[in-house]
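Q: I need the structure of the sequence given here:
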Amino acid sequence: RRNTSFRLSVTNYEDEHVPLSYIFWRQNWPGAPRTIVADWSLQPVVLVPIPLGMWQIVARAKDVFGVESEAISDLVSSNVTVRSATVSKANTLQRINKLRTASTDSSQLL
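A: From the prediction side, this is the model:
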């Protein structure tokens with residue numbers, strides 16, 4: 001079984017003590033234990049595998065001095081469901097086109 005890779009990004013964090021670093025987690029529901037999917041990095045955009053299941057993606061920033069944004073300021077996604085799918089060569093193009101038109105942002109298709 002292979003995990004699907006997702007591009008995660010954060011914006012709108014502002015601090016006078018730049019550069020900022022970012023961390024990303026996944027959790028099953030608000031307040032659930034979190035699993036790091038991308039550890040602290042200067043990159044506000046990361047490509048990470050997300051396993052099957054229903055998840056929320058959480059992000060936080062910290063400044064150059066290591067001061068983290070408060071937990072109340074965490075960016076939390078709506079629920080993301082990752083399901084298993086079997087794709088044959090015969091209908092791959094059809095499925096890709098269907099996904100492309102169903103996606104809110106074509107950049108989600110990696």
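Q: CA only for contacts and neighbour counts going forward, please
A: Noted.
Q: can you give me the helices for this protein?
A: Shown for the chain, the helices assigned by DSSP state H span residues 92-102.
Q: low-confidence ranges in it?
A: Residue ranges of the chain with pLDDT under 70: 1-3, 87, 90, 102-110.
Q: Now do the same contact list for residue 40.
A: Residues in contact with residue 40 (Cα atoms under 8 Å, 6 or more residues apart in numbering) are 21-24.
Q: ok, 10 Å please
A: Counting by Cα atoms under 10 Å, 6 or more residues apart in numbering, residue 40 touches 20-24, 60-62.
Q: Longest strand of the chain, counting residues only.
A: strand 53-62 (DSSP state E).
Q: Report all helices and strands that that strand contacts.
A: Helices and strands touching strand 53-62, by 3 or more Cα pairs under 10 Å, 6 or more residues apart in numbering; DSSP states H and E, are strand 4-9, strand 21-27, strand 35-41, strand 75-76, strand 80-82.
Q: The last one packs against which elements?
A: Applying 3+ Cα pairs under 10 Å, 6+ apart, we find strand 80-82 packed against strand 45-50, strand 53-62.
Q: Partner strands of that strand and their direction?
A: strand 53-62 (antiparallel) (DSSP bridges).
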